[in-house]
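*Asks:* Sequence and computational prediction follow.
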Amino acid sequence: GAVVSQHPSRVICKSGTSVKIECRSLDFQATTMFWYRQFPKQSLMLMATSNEGSKATYEQGVEKDKFLINHASLTLSTLTVTSAHPEDSSFYICSASLSTGNTEAFFGQGTRLTVV
Amino acid sequence: RKEVEQDPGPFNVPEGATVAFNCTYSNSASQSFFWYRQDCRKEPKLLMSVYSSGNEDGRFTAQLNRASQYISLLIRDSKLSDSATYLCVVNMKNNNDMRFGAGTRLTVKP
């Protein structure tokens, strides 16, 4: 299957700092990528849809100024958690698909963010 | 009503048991359906797609009932390695807008 690489896999940062997470499609071009957040023992919750060359579409309740998404190329989307707080500590994961339509999603390995 | 609902479990079964998971979805226009498996602290991985006619892959059988907006996963002859969280995933639109159920936790015991 297609490969999606996410980096870093784990990060610890201080409150008030910003953290950037990268999501790359290694062997295909992804016009659309998705960012999810998962708290312990809970489901993946869609945060935003990242579209190459245009603004991301955020889900209700997700602050766009806090979670900055940039999708500057067909193989890279980044999520920046700005002014991180301990409540932002979570498992963040991206996904991409080969094309529009009814195809499976391929997930990055996820990033475990801990804000201290 | 949640977009995708699953029984969270946990399901604790002995090796060799047969176990079934159910999932319902709210959007009747949903395009496609999947079961994913997620191990602790790992990303979800596709277990199988769910087709209208039902499909089987080894010990795993998936069923779809569009009229009832219901999906199921049956695992036969459970193995210890089947212990994981099983996620029901629904593609809400034709742009891979995937929505996840909360997941059903399965533990297979010796």
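*Replies:* Sure thing, it's come through.
*Asks:* did I read that right, residue B:81 in a strand?
*Replies:* No: read with DSSP: H, G, I helix; E, B strand; the rest coil, residue B:81 is helix and lies in no strand.
*Asks:* Compute the distance between the residue nearest to it when sequence neighbours are not counted and chain A, please.
*Replies:* Nearest non-adjacent residue to residue B:81, counting by C-beta to C-beta, 6 or more residues apart in numbering or on different chains: residue B:108, 7.8 Å away. The way it works is simple: take the backbone N, C-alpha and C, and place the C-beta from them, glycine included. According to C-beta to the nearest C-beta, to the nearest Å, residue B:108 and chain A sit 19 Å apart.
*Asks:* all helices for chain B, in order.
*Replies:* In chain B, no segments count as helices under DSSP state H.
*Asks:* For the residue nearest to residue B:81, list each beta-bridge partner.
*Replies:* Under DSSP bridges, the beta-bridge partners of residue B:108 are residue B:13.
*Asks:* May I ask you to confirm that it is in contact with residue B:82?
*Replies:* Yes: here residue B:108 reaches residue B:82: they are 5.1 Å apart, a contact under C-beta atoms under 8 Å.
*Asks:* picking up where we left off before, quick one: residues contacting the residue nearest to residue B:81.
*Replies:* Going by C-beta atoms under 8 Å, 6 or more residues apart in numbering or on different chains, residue B:108 touches B:13-15, B:17, B:78-83.
*Asks:* Which of these sits closest to chain A?
*Replies:* Nearest to chain A among the contacts of residue B:108 is residue B:83, at 15.3 Å by C-beta to the nearest C-beta.
*Asks:* and the closest one, what does it touch?
*Replies:* B:106-108.
*Asks:* If anything else comes up later, I'll come back, but that's it for now.
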